[in-house]
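A.B. asks: Okay, sequence plus prediction incoming.
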Amino acid sequence: AEIFTKLLSPFAPHLAEELWQIFGNKPSIADEEFPVYNEEFFKEDIFEYPVSFNGKLRFKIELSLSLEKEEIEAAVLNDKRTDRWLDGKKPKKIIIVHKRIVNVVV
C-alpha cells in the first residue's frame, strides 16, 4: 500500500500525504524516493497455450515457458481434455508455436 501511495503522490498529492500519515509514516511523502522499476517483477514464467484441434480452439493449458517443444507436446497429449477431441485416433501432426499456440491435426 505504501508503494501505491508513492505512485499516487504526483497525481493526488494531498490524498497521498493523508494516506502516508494514516500508515504511520512521519516524514512527508514528498521527501520519499519514488519507486524504482524492477524488470524482475514483470518476467513471466508461465504461459497459457491455446490448444486447438484441426484449427478449432478447444481448451487452454498453462505451461512453463522453459519447456521444450517435446515436453509441451507430451503435456498436451497427456491432458485429460485431449482424449475427448482425439476420439481414440492418433494425431497426424502437432504444430507448436512457442508462446503462441498448439495445434493438433487429427
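C.D. replies: All right, it came through fine.
A.B. asks: Please, where are all the strands along this structure?
C.D. replies: For the chain, the strands defined by DSSP state E occupy 46-53, 56-64, 93-97, 101-105.
A.B. asks: would you turn the ones you listed into TSV with mean neighbour count and distance to Ile22?
C.D. replies: All C-beta spots, glycine's among them, are computed from the backbone N, C-alpha and C. Formatted as TSV, the strands of the chain follow (neighbours: other Cβ atoms under 10 Å; distance: least, Cβ to Cβ, whole Å):
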stretch	mean neighbour count	distance to Ile22
strand 46-53	16	36
strand 56-64	12	39
strand 93-97	13	50
strand 101-105	18	48
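A.B. asks: Which one, of the ones you listed, ends up nearest to Arg84?
C.D. replies: Among the strands of the chain, the nearest to Arg84 by Cβ to Cβ is strand 56-64 (8.0 Å).
A.B. asks: For that closest one, enumerate the helices and strands it packs against.
C.D. replies: Counting contacts by 3 or more Cβ pairs under 8 Å, 6 or more residues apart in numbering; DSSP states H and E, strand 56-64 packs against strand 46-53, helix 69-78, helix 80-86.
A.B. asks: hmm, back to that, reformat the strands of the chain as CSV; add mean pLDDT and distance to Tyr37.
C.D. replies: Shown next, in CSV, are these (pLDDT from 0 to 100; distance: least, Cβ to Cβ, whole Å):
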stretch, mean pLDDT, distance to Tyr37
strand 46-53, 96, 22
strand 56-64, 96, 25
strand 93-97, 95, 30
strand 101-105, 95, 31
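A.B. asks: one step back: CSV for the helices and strands packed on strand 56-64, including distance to Ala12?
C.D. replies: As requested, these are exported to CSV (distance: least, Cβ to Cβ, whole Å):
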stretch, distance to Ala12
strand 46-53, 35
helix 69-78, 46
helix 80-86, 47
